[in-house]
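Novice: Generate coordinates for the sequence data below:
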Amino acid sequence: MTSILEKYIPQGSVQTVFELIKMNNVHLKIVNERVTRHGDYRKLPSGQHQITVNANLNPYRFLITLVHEIAHLVAFTKFGRSIKPHGREWKMTFQQLMLPFIRPEIFPNQLLPLLALHFKNPKATSDTDARLSLALKQYDPANDKNYIFEIPYDGLFKLYNGKVFKRGNKRVKRYECLEVATGRLYLFNPNAEVEFLK
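Specialist: Just a heads-up that it's a prediction; the model follows:
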């Protein structure tokens with residue numbers, strides 16, 4: 001198992017992650033990219049705990065995602081299934097589980113202050129923390145995608161599902177975007193990755 005983990009997470013985190021997986025009886029599946037999620041936790045009918053993580057994530061995002069999903073398992077086990085998936089109990093559990101990893105031996109120095117800030121009140125996904133998400137994306141393989149904030153006003157862009165949008169005004173944090181086919185208005189995070197058309 002440690003030889004598999006070494007391919008996906010920072011070297012300095014492998015042993016601690018391996019212990020977490022073993023201690024919580026996790027069946028880890030590394031799967032092809034899913035656009036809508038980085039990872040997933042579910043308790044199987046057999047009682048086994050299955051966690052899936054996308055194989056295409058950079059090592060730092062993979063580690064955060066894996067610990068995020070283990071936090072779901074630990075929080076449900078400790079507090080019961082009636083808790084909110086990303087409620088107070090999960091946040092506290094996620095903070096505790098991530099603490100040993102927020103070190104310069106594991107994460108680059110430029111990520112450490114952003115991680116410390118993020119884990120004061122962790123969100124349901126690190127993608128909603130625009131500064132952390134942009135910093136993490138610097139470690140992704142190069143691609144031809146643009147961020148919403150890079151698209152000019154009235155510029156057209158396409159999502160992974162083929163829908164075409166026109167970028168509008170920025171509200172407080174997110175951008176209003178008009179779906180061209182339906183005329184419906186949607187809000188996008190500034191760091192959402194899209195394909196710029198013109």
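Novice: quick one: contacts for the residue nearest to Asn24 when sequence neighbours are not counted?
Specialist: Using CB to CB, 6 or more residues apart in numbering and skipping the chain neighbours, the partner closest in space to Asn24 is Leu73 (5.6 Å). All C-beta atoms are positioned from the backbone trio N, CA, C, and that covers glycine. Each residue near Leu73 by CB atoms under 8 Å, 6 or more residues apart in numbering is listed here: Asn24, Val26, Tyr41, Lys43, His49, Ile51.
Novice: cool, and Ile102?
Specialist: Leu112, Leu115, Ala116, Phe119.
Novice: Show only the entries of the residues you listed found in helices.
Specialist: Leu112, Leu115, Ala116 (DSSP state H).
Novice: List the buried residues in stretch 150-159.
Specialist: For stretch 150-159, the neighbour count (16 or more other CB atoms under 10 Å) marks Ile151, Gly155, Leu156, Phe157, Leu159 as buried.
Novice: right, and the fourth one touches Tyr175 too?
Specialist: No: contact status for Phe157 versus Tyr175: not in contact, 10.5 Å apart, counting by CB atoms under 8 Å.
Novice: between those two, what contacts are shared?
Specialist: Ile148, Arg167.
Novice: Next, the closest residue to Leu178 other than its chain neighbours: phi, psi?
Specialist: Computed as CB to CB, 6+ apart, the closest residue to Leu178 that is not its neighbour in sequence is Lys166, at 4.7 Å. Dihedral pair for Lys166: phi -110, psi 130, per degrees, to the nearest 10.
Novice: all strands for the protein, in order.
Specialist: In the chain, the segments counted as strands under DSSP state E are 26-31, 39-43, 49-54, 146-147, 156-158, 164-170, 175-179, 185-188, 193-196.
Novice: Just say which of the ones you listed is most tucked in.
Specialist: strand 49-54 (a mean of 21; mean count of other CB atoms under 10 Å).
Novice: Give me the helix or strand of this protein that scores worst on average pLDDT.
Specialist: strand 146-147 (a mean of 82; mean pLDDT, DSSP states H and E).
Novice: wait, Ala71 sits on Glu89?
Specialist: No: counting by CB under 8 Å, Ala71 stays clear of Glu89, with 9.5 Å between them.
Novice: Compare the two (neighbour count), which wins?
Specialist: Ala71 (24 against 18; other CB atoms under 10 Å).
Novice: hang on, the earlier thing: state the distance from the residue nearest to Leu178 to Cys177.
Specialist: Between Lys166 and Cys177 the computed distance is 7 Å (CB to CB, to the nearest Å).
Novice: for Ile9, same thing?
Specialist: Taking CB to CB, one finds Ile9 at 34 Å from Cys177.
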